[in-house]
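S.K.: Just the structure for this:
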Amino acid sequence: MIMIFWMKKVSQAFSLLLTLTIVIIWLFLGPAACKAQGSPKIKVDKTVFDFGVIYRGNSAEGDFIIRNEGNDTLRIKNVRSSCGCTAAILDKKNLGPNEQTKLNAKFSSGRFKGRVNKKIFVYTNDTQSPITVLEVQGEVKVDLEVTPSMIYFSGLKVGDRVERKISLKNVSDSMITVQEISSTVPAIKLELLKMKIVPGEAANLNLVVDKVEKDMKLTGSLTIRNTSRQDMITVQLYGGRIR
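M.R.: Numbering: from 1, shown residues only. So this is what the prediction gives:
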C-alpha cells in the first residue's frame, strides 16, 4: 500500500512538473514562434485619386503607393477595376516587409459626362484586409455635344440610298468652328453646311451613301476636328450585313 501511494505521488509530481515545463516553454517560445511566422499588412498612401476636371476624350492618370507594413511577404493576388474605362497597372506583386510598389490608374473619359466615380479592387493575402477598395473620381465636361456617338448601318439592301444624321451642339460659352471632318470609310459622303456653331446652337452632320453595293464596307470611324477643348472627336461607324 505504501509503495502504491508513493508511486501515485511521484506520478502526480511528474505530471505537474511536465505541465509547468510546457507552460514555461510556451511563454518563452510561443511569442517568438508567432513572430517568426509573421503576417503581411497592406497600407496605401491614399484611397481616392481625384483628377479634378477633364474634357471628354481626354485621359487622367495618377498613382497609388502600396506598402507592406507587416513582417511577412504581402502577395497582391489580383487587381480589378469596376469599369473598362479605368486601367490599373501594378509594378510589383510580391512585397517583403517595408517594401512598396506603385499602382498606376488611368481613366479614359470616352463618352462620359458629369461626375464620375470608378473603383479599383486590390486582392491580397492580408487576412485582416483581403480586399482594398481604391477610387478614381472627377468631373468630365463637354464643349461640343455629339449625338449619337455611334452610327449603325444595318438592314441595308443593295441599291439603297442611305442617310444618317449626327447633331453637333455647342454647349460651351464660346463659338466653336469645325475645321475638318474625315472618315475612314470612303463610301460615306460627309455634309456639314454650318461650320461655325454659336453657343446653344446645333449643326447637323449628314452621312450619305448614294448607292449601297453588295460588298461595301461601312465599318470604321469619322473624326471631327474643331476649336473646342475637345479638339478631336471620334465617332464609331458600324456596318451590318447587306442583303
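S.K.: Could you double-check that Glu213 sits in contact with Asp160?
M.R.: No: look at Glu213 against Asp160 with CB atoms under 8 Å: they stay out of range, at 9.9 Å. C-betas here are computed from N, CA, C, even on glycine.
S.K.: contacting residues around the closest residue to Thr47 other than its chain neighbours?
M.R.: Take Thr47 and drop its neighbours on the chain: the residue closest to it by CB to CB, 6 or more residues apart in numbering is Leu134, 5.5 Å away. When contacts are counted by CB atoms under 8 Å, 6 or more residues apart in numbering, Leu134 is found next to 44, 47-49, 64, 103, 105, 119-122.
S.K.: can these go into a markdown table with extra columns for distance to Asn58, secondary structure and pLDDT?
M.R.: Supplementary listing: the contacts of Leu134 in a markdown table, determined by distance: CB to CB, whole Å; DSSP: H, G, I helix; E, B strand; the rest coil; pLDDT from 0 to 100:
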| residue | distance to Asn58 | secondary structure | pLDDT |
| --- | --- | --- | --- |
| Val44 | 26 | strand | 98 |
| Thr47 | 24 | coil | 97 |
| Val48 | 20 | strand | 98 |
| Phe49 | 16 | strand | 97 |
| Phe64 | 21 | strand | 98 |
| Leu103 | 21 | strand | 98 |
| Ala105 | 15 | strand | 98 |
| Lys119 | 21 | strand | 98 |
| Ile120 | 20 | strand | 98 |
| Phe121 | 25 | strand | 98 |
| Val122 | 26 | strand | 98 |
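S.K.: number of nearby residues for the closest residue to Gly70 other than its chain neighbours?
M.R.: Distances taken as CB to CB, 6+ apart place Lys41 nearest to Gly70, at 3.5 Å, with adjacent residues excluded. The tally of other residues near Lys41 (other CB atoms under 10 Å) stands at 18.
S.K.: My guess is Lys41 contacts Asp126. True?
M.R.: Yes: in this structure Lys41 lies within contact range of Asp126 using CB under 8 Å: 5.8 Å.
S.K.: Find residues that contact each of those two.
M.R.: 70, 74.
S.K.: Please check the contacts of Leu134 and keep the buried ones.
M.R.: 44, 49, 64, 103, 105, 120, 122 (16 or more other CB atoms under 10 Å).
S.K.: Can you tell me which of those is nearest Pro186?
M.R.: Distances from the buried ones among the contacts of Leu134 to Pro186 were compared by CB to CB; the smallest belongs to Ala105, at 39.0 Å.
S.K.: Please report the distance of that closest one from Lys157.
M.R.: In this structure, Ala105 and Lys157 are separated by 47 Å, where distance is defined by CB to CB, to the nearest Å.
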